[in-house]
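Undergrad: Predicted model and sequence below, questions to follow.
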Amino acid sequence: MLVFVLGNGTFSHKTHQPLKLKCITCHTGAAKEDRATLPKVDQCRTCHTAMEDTVAAQPAAKLPDFVVFSHAQHAAAKLDCNSCHGDAYKQTASVDKPLRMKACVDCHKQHKAATACNVCHELGQ
């Protein structure tokens, strides 16, 4: 579960739902980088002026070291964030679906993406 600890409590996607922001509004790296980056404190301060200088966050998911995943490649393939993460505005945990190889392979097959082992795994580790 991804938890943001702010000066006034814990971050909730649910409370931000009325704004109808797209995921990449705050997680800008998801479209351009391998990781979905967390928002900078200054970005949060656009609305939350009385805020601590740091945002403590824990990763939403930890993949094994031998798994290679790129948010940018999936964004370029026009996959919606909800495909893997579920509707963040309706949940407290960030990743709604279990991160299992079967789910990834099934999705790759459904979207006619490559399923060779080396697409997602660093072989030789």
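TA: Noted; the coordinates are in hand.
Undergrad: Leaving out sequence neighbours, find the closest residue to Gln17.
TA: Nearest residue to Gln17, sequence neighbours excluded (C-beta to C-beta, 6 or more residues apart in numbering): Tyr89, at 3.8 Å. Where you see a C-beta, it was placed from the backbone N, CA and C, and this is true even at glycine.
Undergrad: what residues are up against the nearest residue to Lys32 once chain neighbours are set aside?
TA: Excluding the flanking residues, the one nearest Lys32 by C-beta to C-beta, 6+ apart is Ala72, at 5.7 Å. Shown in contact with Ala72 (C-beta atoms under 8 Å, 6 or more residues apart in numbering): Ala30, Ala31, Lys32, Glu33, Asp34.
Undergrad: Recalculate using a threshold of 7 Å.
TA: Contacts for Ala72 (C-beta atoms under 7 Å, 6 or more residues apart in numbering) come out as Ala31, Lys32, Glu33, Asp34.
Undergrad: Restricted to buried residues, select these in PyMOL.
TA: Selection of buried members from those for PyMOL, criterion 16 or more other C-beta atoms under 10 Å:
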select buried, resi 31
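Undergrad: show me what contacts the residue nearest to the spatial centre of the chain?
TA: Nearest to the mean C-alpha position of the chain, counting by C-alpha atoms, centre = their mean, stands Ala36 at 5.3 Å. Taking C-beta under 7 Å, 6+ apart, we find Ala36 in contact with His27, Gly29, Ala30, His71.
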